[in-house]
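Participant: test case, fold it:
(one chain, ligands or ions: 2)
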Amino acid sequence: MFKTQVFKVNVENFKFEKSEGVFPEQNAKSLISNQQDQEAIDKAVEFLKQGEAIGIPTETVYGLAANALDENAVSKIFAAKNRPQDNPLIVHVSSIEMLKSILPNNVVPEVYLPVIRQHWPGPLTIILPASSLIPISVTCGHPTVAVRFPSHPVARSLIEACGFPLAAPSANSSGKPSPTLASHVYHDLQGRIPFILDGGSCNVGVESTVLDGLRNPPAILRPGGLTYELLKNVPGMEKLQVYKKHFVDTELEQAPTTPGMKYRHYSPEAKVILIDRKNELDTKFNDKFERALRDQVEIIQNTGAIVSKVGILRTTQDGETAIWETNTTLSNNIKCLSLQMGRSGHPEEVARGMFKGLRHLDQSDVDLIFVEGISEDREGMAVMNRLRKAASITIEV
Ligand code: TXA
Ligand code: MG
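Facilitator: Ligands and ions are numbered 1, 2, ... in the order given. Model (predicted):
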């Protein structure tokens, strides 16, 4: 058991100075302008050098980070979050040099050069050949390794200060919604890790897009913060496919490398019911949502289950005043807590608010969570991927 310490850092005080050469942005050097923030980073580096696993902010979700080259440190990640031993980790780097240092013959496959130039640092993970430097516990014995260069200034600066790459899955207990605030990490992992760097809320809110460019054509294995639409525009990615949408692969299906396939994911304690729309332009959707919700409550009550409080997670329309939290009643003895996750035509807002909403409802002791489906455009693809996995029932109205 640890007494988990939480250190706040201010993102504003982390800057980067571009370097010379082919990758000026990717090889930029970190400058920290505040003593307290520098001390927080030093403290984090100390824990990581000692082989501990700690909570860190990234632009997507909080990560549970440890030295990716230290087998024993990596084992602490699996233990702290109770992660299945066969679910491989993402390795996080902070420069092209660091990337090369972990690849066979220090070579970055050609196919990735344009994506790296355009979208690193950022919410994109790429699948690369693994070298013998990467412990088997990171790759889970696969011949490939997943690598990401986060854009969050604190994560970048921390990896640079360590001088070694960090393996980091999302910092939730396995199966729970991913954490987008330091308090989420504390809730799930207090006592199990010594330290959390609190860098505020994660700007993207869903995990990185996992791209396998070693396949022909290249494929998105997990939709995430970098959209299909943007990635498809990169030279060499014209034929980009999305796993499960454009193709399936029985071999991939057996191995848990396709994120979220084999294991339960993103699930709050309460049963999640996804109410999706058949027609995106349906003006009667609000009425249909309400009716489906009442029908489901009745069906569930008829099984003998007690429903005393329901949670609702919905979008708002442009121009509608956003109210984060509304308490009402559904009937005499059923309370109702409604949260808003963002405007419906702005999937990046919904992505930012979704995990936070699911977690907030779960901590408000609701028995059921009703969540609204959105269009799969842009970040909507990642949102719907997570919501479908979180939901035990999906209804189309
Ligand atoms: O945004 C993110 O990616 C966050 C932050 C912390 O960086 N991390 C994250 O890690 O989401 P995690 O462990 O929750 O998801 C990593 C996924 C795994 O589900 C795994 O299946 C996939 O990446 N993965 C890892 N190595 C792989 C490989 N060699 N081939 C295919 N997929 C791999
Ligand atoms: Mg995860």
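Participant: relative to residue 293, how far out is residue 110?
Facilitator: 51 Å (Cβ to Cβ, to the nearest Å). (C-beta placed from N, C-alpha, C; glycine too.)
Participant: ditto for residue 165
Facilitator: 46 Å.
Participant: over to residue 76?
Facilitator: 42 Å.
Participant: ok, now residue 300?
Facilitator: 11 Å.
Participant: counting contacts, what elements does the helix or strand hosting residue 211 pack onto?
Facilitator: Secondary structure here is read from DSSP states H and E; on that basis residue 211 sits in strand 209-212. Packed against strand 209-212 by the contact rule (3 or more Cβ pairs under 8 Å, 6 or more residues apart in numbering; DSSP states H and E) you find strand 124-129, strand 219-222, helix 228-232.
Participant: any chance of TSV for the ones you listed, columns distance to ligand 1?
Facilitator: Converted to TSV, the helices and strands packed on strand 209-212 look like this (distance: least, Cβ to the nearest ligand atom, whole Å):
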stretch	distance to ligand 1
strand 124-129	5
strand 219-222	5
helix 228-232	15
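Participant: how about the ones you listed in a markdown table, adding mean pLDDT and mean neighbour count?
Facilitator: A markdown table is the format used below for the helices and strands packed on strand 209-212 (pLDDT from 0 to 100; neighbours: other Cβ atoms under 10 Å):
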| stretch | mean pLDDT | mean neighbour count |
| --- | --- | --- |
| strand 124-129 | 98 | 23 |
| strand 219-222 | 97 | 24 |
| helix 228-232 | 98 | 17 |
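Participant: which of the ones you listed sits closest to residue 350?
Facilitator: Judged by Cβ to Cβ, the one of these that comes nearest to residue 350 is helix 228-232, at 15.9 Å.
Participant: between residue 110 and residue 293, which one's more packed in?
Facilitator: More neighbours surround residue 293 than the other of residue 110 and residue 293, with 20 against 9 (other Cβ atoms under 10 Å).
Participant: just confirm the more buried one contacts residue 370, I think it does.
Facilitator: Yes: if you go by Cβ atoms under 8 Å, residue 293 and residue 370 touch, sitting 5.1 Å apart.
Participant: anything in contact with each of the two?
Facilitator: Common neighbours of residue 293 and residue 370, counting by Cβ atoms under 8 Å, 6 or more residues apart in numbering, are 273, 275, 310, 312.
Participant: buried subset of the residues you listed, written for ChimeraX?
Facilitator: With 16 or more other Cβ atoms under 10 Å as the burial test, the buried ones among the shared contacts of residue 293 and residue 370 are selected in ChimeraX as follows:
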select :273,275,310,312
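Participant: the shared contacts of residue 293 and residue 370: which two are farthest apart?
Facilitator: 275 and 310 (12.2 Å).
Participant: now do the shared contacts for the two.
Facilitator: 293, 370.
Participant: with that, I have no additional questions.
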